[in-house]
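1. 3D model of this:
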Amino acid sequence: MSELVLIKNIIKDQMIGKEVTIKGWVKSTRKKKSFSFIVLNDGSNQSGLQIVADAQIPGYDNATNALTGSSLSITGKVVASQGQGQSLELQASVLELLGPADETFPLQKKATSLEFLRENAHLRSRTNTMAAVMRVRSSLAFATHSFFNARDFLYLHTPIITGSDCEGAGEMFKVTTLDLDHLPRNEEGKVDYKKDYYGKDTGLTVSGQLNAETYACGMGRVYTFGPTFRAENSNTPRHASEFWMIEPEVAFFDLEDVANLAIDYIKHLINHALNNNLEDLTFLQSRYKEDLIASLTKVSNSPVNKITYTQAIDILQKAKVDGHHFDFPVEWGSDLQTEHERFLSEKTFDGPVIVTDYPKAIKSFYMKQNSDGKTVRAMDILVPGVGEIIGGSQREDDYGLLLQRINELGLKKEDYWWYLDLRKYGTVPHSGFGLGFERAIMYITGMQNIRDVIAFPRTPGNAEF
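-> Predicted coordinates:
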């Protein structure tokens with residue numbers, strides 16, 4: 001029996017002269033008088049493999065009459081190709097129809113919208129676009145672990161169910177086993193979560209950061225890479241209610257240290273994709289972003305500019321005076337919007353830029369306060385075409401200042417007792433950042449909608465599949 005081989009390995013290793021078996025799905029069939037061409041794809045590469053099948057071989061009629069989407073097993077000899085578009089092909093000796101698809105198969109050989117594919121997410125892995133994106137996603141997940149492992153980070157699995165709202169924004173999905181038709185109430189008439197499974201109000205995590213800090217403050221360098229959830233009713237192409245986050249936390253790092261780590265990481269992802277997923281990036285460039293590879297290469301090779309938030313506001317206000325229109329106001333104290341971030345990275349610096357020292361009022365409670373009393377040691381990394389791609393900060397390591405900030409924002413001290421303990425017992429300067437994995441995939445693949453870079457998107461009103 002011939003060895004079952006992935007198509008990508010046949011091409012990569014140029015297995016000319018070797019007898020192999022491949023299994024996959026029919027992309028197209030062209031029938032001639034005494035032979036046929038079949039293009040089969042097994043999901044391992046973009047182009048698939050062309051098979052030449054003589055009409056006399058076993059299984060010929062069933063296989064060559066199979067419609068697009070049908071699955072086949074094909075055994076044959078790898079030979080050099082005389083046709084255009086491929087260096088080798090498979091000279092079939094045995095064809096076997098494994099699973100037929102009929103004419104109702106939704107993904108026929110015609111233009112198909114991304115919205116239609118989202119509605120048929122169970123089948124869209126068969127398309128060139130989704131397969132390319134998912135191969136890049138898988139590759140960059142591996143690159144993430146390689147990056148942090150090479151720098152002696154501990155990979156930490158933080159809890160998905162938590163009683164702490166890291167961002168303090170109240171956008172958590174509730175987790176409960178209470179009977180929703182007969183909710184127990186306390187003396188104040190509020191839901192009595194003491195009778196719930198965990199004995200307190202719990203939800204799906206919005207971030208693993210606070211948990212990661214506890215291990216950074218005992219083991220030095222840790223990172224999380226897992227699902228996070230936001231019950232935010234946002235229907236933009238950049239938001240999903242379930243997404244994956246990479247969050248390193250590092251003891252003894254200040255803001256500059258963690259900013260440098262973040263830049264090294266995003267450049268590592270870009271270079272990994274360019275070196276390992278060029279075929280898929282070339283395809284995506286041809287369909288969705290014509291300068292994709294050039295823009296990624298430029299960011300990878302560009303120096304990184306660093307400015308403060310105050311300097312950024314000055315630049316944007318000067319641009320307004322010079323006639324540039326922004327839809328959102330530009331004033332000190334307001335958060336930077338995507339249009340502002342893109343102006344800075346595309347028009348002002350034409351490359352990646354780090355913005356630091358944001359107003360305290362627009363940032364989270366855990367960020368270290370500067371001596372001016374107005375700003376915190378926060379940073380965002382902006383890249384052309386996207387705007388913010390990474391956000392991070394130096395964490396507040398002073399017990400009194402952290403407690404003061406918790407009280408200022410009306411958060412419950414009792415929910416953060418363990419977090420405050422870190423500042424009581426051997427506190428150290430420490431810093432971290434967060435990268436939404438889907439945002440990075442969008443940037444590196446050129447895709448414009450977060451729903452097209454995750455296998456089964458979860459957005460308001462959509463929990464299908």
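
2. neighbours around Lys109, how many?
-> Residue neighbour count, defined by other Cβ atoms under 10 Å, stands at 8 for Lys109. All C-beta atoms are positioned from the backbone trio N, CA, C, and that covers glycine.

3. that should have said Asp181, apologies.
-> 5.

4. ditto for Arg405
-> Neighbour tally, Arg405, other Cβ under 10 Å: 22.

5. what's the local residue count around Thr236?
-> Residues near Thr236, counting by other Cβ under 10 Å: 11.

6. surely it is in a helix?
-> No. Under the criterion used here (DSSP: H, G, I helix; E, B strand; the rest coil), Thr236 is coil, not part of a helix.

7. separation between it and Ile450?
-> Taking Cβ to Cβ, to the nearest Å as the measure, Thr236 falls 8 Å from Ile450.

8. over to Lys12?
-> 31 Å.

9. what of Ala231?
-> 16 Å.

10. of these two, who's got more company?
-> Neighbours per residue (other Cβ under 10 Å) separate Ala231 from Ile450, with Ile450 holding more: 20 against 15.

11. mind listing what that one touches?
-> Residues in contact with Ile450 (Cβ atoms under 8 Å, 6 or more residues apart in numbering) are 237-240, 243, 438-439, 442, 457.

12. give me the neighbour count for Gln404.
-> Neighbours of Gln404 (other Cβ under 10 Å): 14.

13. quick check: it vs Asp13, distance?
-> 63 Å.

14. what does Pro429 give?
-> 50 Å.

15. in stretch 60-74, what's buried?
-> By neighbour count on 16 or more other Cβ atoms under 10 Å, the buried set for stretch 60-74 is 60, 63-64, 66, 68-74.

16. what does stretch 323-337 give?
-> In terms of neighbour count (16+ other Cβ under 10 Å), stretch 323-337 has its buried residues at 330, 336-337.

17. which of those lies closest to Gly410?
-> Nearest to Gly410, judged by Cβ to Cβ, of the buried residues of stretch 323-337 is Leu336 at 25.0 Å.

18. let's verify that closest one: helix, strand, or coil?
-> Put simply, Leu336 is coil when judged by three-state DSSP.

19. skip the chain neighbours and tell me the closest residue to it.
-> Ala312 (6.7 Å; Cβ to Cβ, 6 or more residues apart in numbering).

20. residue contacts, that neighbour?
-> 336, 340, 344, 355.

21. from those residues, which ones fall inside strands?
-> Under the assignment DSSP state E, the contacts of Ala312 contribute Val355 to strands.

22. where are the low-confidence patches of this protein?
-> Applying pLDDT under 70 to the chain flags the ranges 1, 167-170.

23. quick one: the helices in it?
-> Secondary structure of the chain (DSSP state H): helices located at 7-12, 60-64, 114-119, 128-150, 209-219, 255-276, 278-287, 292-301, 309-321, 338-342, 399-408, 417-421, 437-445.

24. now do the buried residues in the last one.
-> For helix 437-445, the buried set under the neighbour-count rule, 16+ other Cβ under 10 Å, comprises 437-445.

25. and the third one, by the same measure?
-> Of the residues in helix 114-119, those buried by neighbour count under the rule 16+ other Cβ under 10 Å are 114, 117-118.

26. for the fourth one, same thing?
-> Using 16+ other Cβ under 10 Å as the burial criterion, the residues of helix 128-150 that qualify are 128-137, 139-140, 143-144, 147-148.

27. circling back: closest to Ile270 out of the buried residues of helix 114-119?
-> With Cβ to Cβ as the yardstick, the closest approach to Ile270 among those comes from Leu114, at 23.6 Å.

28. could you check the distance from the closest one over to Leu95?
-> Distance, Leu114 to Leu95, using Cβ to Cβ: 34 Å.

29. over to Asp196?
-> From Asp196 across to Leu95, the span is 59 Å (Cβ to Cβ).

30. show me which of the two is the more surrounded one.
-> Leu95 (23 against 18).

31. surely the more buried one is in contact with Tyr60?
-> Yes. Between Leu95 and Tyr60 there is a contact at 5.9 Å, judged by Cβ atoms under 8 Å.

32. hey, what's in contact with both of these two?
-> Ala53.

33. quick one: end-to-end distance for stretch 182-190.
-> 13 Å (Cα to Cα, to the nearest Å).

34. hmm, who's touching that stretch?
-> 178, 191-192, 194-195.
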